[in-house]
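Engineer: show me the folded form of this:
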Amino acid sequence: MDTQIWKPFFSEFKEKTAQFYNGTISQGDYKSCSGLYGSYAQRGGEANMLRLRMTAGRVTKEKMNFAAGAVKKYGISRMHFTTCQTIQLHDLTPEAAAGIMEEALSAGIVTIGSGGNYPRSVMCSPLSGVERGEYFDVMPWAQAAGEYVLQFITAQKMPRKLKVGFSNSPKNITHVTYRDLGFAAAGTGTFDVYSAGGLGPNPRLGVLVAQNVEPEMVLYYIKAMWLTFLAYGNYESRVKARTRYMQDTLGGQEKYKEAYLEKLQQVFDSGEDLRISADRCIVSKQGDGYKPAGRRIIEQKQNGLYAVEWHPIGGIPDVDTFCRLNQMIQDMQSVEMRLSPDETAYIINLTGKEAQKVLDLTADGAAESLFETSVSCIGASICQVGLRDSQALLDACIKAVRKAGLSDGVLPQIHISGCPSSCGTHQTGVIGFRGAVKRESGSPQPGFAVYVNGCEQQGQEAMGREIGTILESRIPEFLVKLGKTVQESGMNFMQWLQNSPDEIETVAADFIS
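Structural biologist: The predicted model follows:
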């Protein structure tokens, strides 16, 4: 799709943004308009954020160079790698937000539809194509799907946003078995298709609607999802205007599956040709014989090539490091960045010596342990609908854990959301926190609800169970106590949990009561 077709859209954004900042329209009215463009006013109404759609989490050299150039041109000091595999730019002036979204088209970046009630950026396993043990490379199909869903932005309005994902293995990093529509790779070289799942209030696992789907057919299933949503989605209640509620509307999973397959048959019967051919990416680059060492080094399935894991704390990279990394990789053959739903970035297709350079460059500010790779939404200091500052909580927890000297592995990766929307995917983690209120001595105090035993692994999926609420100020203390308990057992966290599945609640009891 020619990205320049979106240029005529921007005049309305500029007009509404000017009206918001001069006070002639409300924040609510502005939000209902600006979301179409991937931009919202931040809390306080004095700056904007902008979401750069990175289809399938793939940040090519061209796209990375554009983002780095925008950082320098507009003096941007804050970025965020999101759980939907996009790059958010923060603290923007109205002029910067409008300028970047229009200039981004030249780099193939579309911000249109990355907010509001529109199809969001299609997601994909971040190491697809280079990961050892994957079923097959799903990236080409995810990218084709990402191009296809853009047409629904200008089509008949759906009840609310549509999230589509692809996974290359049962690791299910992209949560395809509980997305609005998910394509899970199988060992047969085909996809299993899941539909009508989602996180947030009243989360649901998806319904398995099809198996052994040939990759070239995936667009038929996306079109059927759109038609099912149009026919049965709830237009009356904004809260229930998501695909997962159709499971109840239609009378259960089997009835939903029947309705979806009926729409799928309509697509087939229409005669529309939606078959796609996508070339699987073949990396022809050769290694240099050097073997780098480090916790963040990953050996690719291509002999002699490596990926470097870079997880900035809270998914917020130092912008100077981002810009220097961009400059470093521009002359490296086949190298690109991939974004992960847990806010990690991977720099892939590196020779050994290149990997060592990238590893050294990204050392400052990178997570130093499994716990420090924890996931957090941007938080209430920026998000206008956020209830709690999830980034501040994560920072306090990391400082407390470092001070306690806990060993790597005794605490898991945790997930923190500032509100029930689950932008920090708190329901998928073995430990998750969601912004809440806790009554203490008769008065409401800042707190976080605690979720335990969530799991994203395909075949073992589980939504975390809420066990109570802890005062925000006591959560670092709780995690330190939990980590010490595990450390004293001589096991890592997952071994300890398997051995004592109810022990998290025992440790948490004193903090919840």
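Engineer: where along the stretch 301-450 of the chain do the helices fall?
Structural biologist: Along the stretch 301-450 of the chain, counting by DSSP state H, counting those that start in this stretch, helices occupy 319-329, 352-361, 390-404.
Engineer: looking at these, spot the one closest to residue 472.
Structural biologist: Set against residue 472 and scored by CB to CB, those come closest in helix 390-404, at 6.2 Å. C-beta here means a position set from N, CA and C on the backbone, and glycine is covered the same way.
Engineer: pLDDT weak spots in the chain?
Structural biologist: 1, 281 (pLDDT under 70).
Engineer: which single helix of it contains the most residues?
Structural biologist: Criterion DSSP state H: the longest helix present in the chain is helix 253-269.
Engineer: can you tell me what sits against that one?
Structural biologist: The contact list for helix 253-269 (CB atoms under 8 Å, 6 or more residues apart in numbering) reads 195-196, 207-210, 220-221, 223-225, 227-228, 231-232, 246-247, 250, 274.
Engineer: and these, which of them are in helices?
Structural biologist: Among those, the members found in helices (DSSP H) are 220, 221, 223, 224, 225, 227, 228, 231, 232, 246, 247.
Engineer: correct me if wrong: residue 451 contacts residue 431.
Structural biologist: Yes. Using CB atoms under 8 Å, residue 451 is in contact with residue 431, at 7.2 Å.
Engineer: what's the neighbour count on the nearest residue to residue 58 once chain neighbours are set aside?
Structural biologist: In space, and not counting its chain neighbours, residue 58 is closest to residue 338: 6.0 Å by CB to CB, 6 or more residues apart in numbering. Applying other CB atoms under 10 Å, we find 24 residues neighbouring residue 338.
Engineer: please give me every residue in contact with residue 338.
Structural biologist: Residue 338 is in contact with 57, 58, 59, 126, 127, 345, 346, 348, counting by CB under 8 Å, 6+ apart.
Engineer: any idea how far residue 83 is from the fourth one?
Structural biologist: Meaning residue 126. Residue 126 sits 12 Å away from residue 83, taking CB to CB, to the nearest Å as the criterion.
Engineer: send me the helix or strand where residue 34 lies as CSV with only the CA atoms.
Structural biologist: According to DSSP states H and E, residue 34 maps onto helix 27-34. Provided in CSV are the C-alpha atoms of helix 27-34 (Å, rounded to 0.1, in the frame of the first residue of the first chain):
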residue,chain,number,x,y,z
GLN,A,27,-9.8,16.6,26.3
GLY,A,28,-12.5,14.0,25.7
ASP,A,29,-13.5,15.4,22.3
TYR,A,30,-9.9,15.7,21.3
LYS,A,31,-9.2,12.1,22.4
SER,A,32,-12.0,10.8,20.3
CYS,A,33,-10.5,12.4,17.2
SER,A,34,-6.7,12.2,17.8
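Engineer: which parts of stretch 275-283 are buried?
Structural biologist: 276, 278 (16 or more other CB atoms under 10 Å).
Engineer: tell me the contacts of residue 421?
Structural biologist: With CB under 8 Å, 6+ apart, residue 421 has these contacts: 200, 377, 385.
Engineer: surely residue 64 and residue 337 touch.
Structural biologist: Yes. If you go by CB under 8 Å, residue 64 and residue 337 touch, sitting 5.8 Å apart.
Engineer: relative to residue 428, how far out is the residue nearest in space to the middle of the chain?
Structural biologist: For the chain, the residue nearest the mean C-alpha position is residue 83 (2.0 Å; CA atoms, centre = their mean). Taking CB to CB as the measure, residue 83 falls 9 Å from residue 428.
Engineer: roughly how far does the residue nearest to residue 58 sit from residue 67?
Structural biologist: Residue 338 sits 14 Å away from residue 67, going by CB to CB.
Engineer: ok, residue 504 to residue 105 distance?
Structural biologist: Separation of residue 504 from residue 105 (CB to CB): 48 Å.
Engineer: now residue 188, what's its secondary structure?
Structural biologist: Per DSSP: H, G, I helix; E, B strand; the rest coil, the local secondary structure of residue 188 is coil.
Engineer: now it. Its backbone dihedrals?
Structural biologist: Here is the backbone geometry of residue 188 (degrees, to the nearest 10): phi -80, psi 0.
Engineer: check contacts around it.
Structural biologist: So residue 188 contacts residue 212 (CB under 8 Å, 6+ apart).
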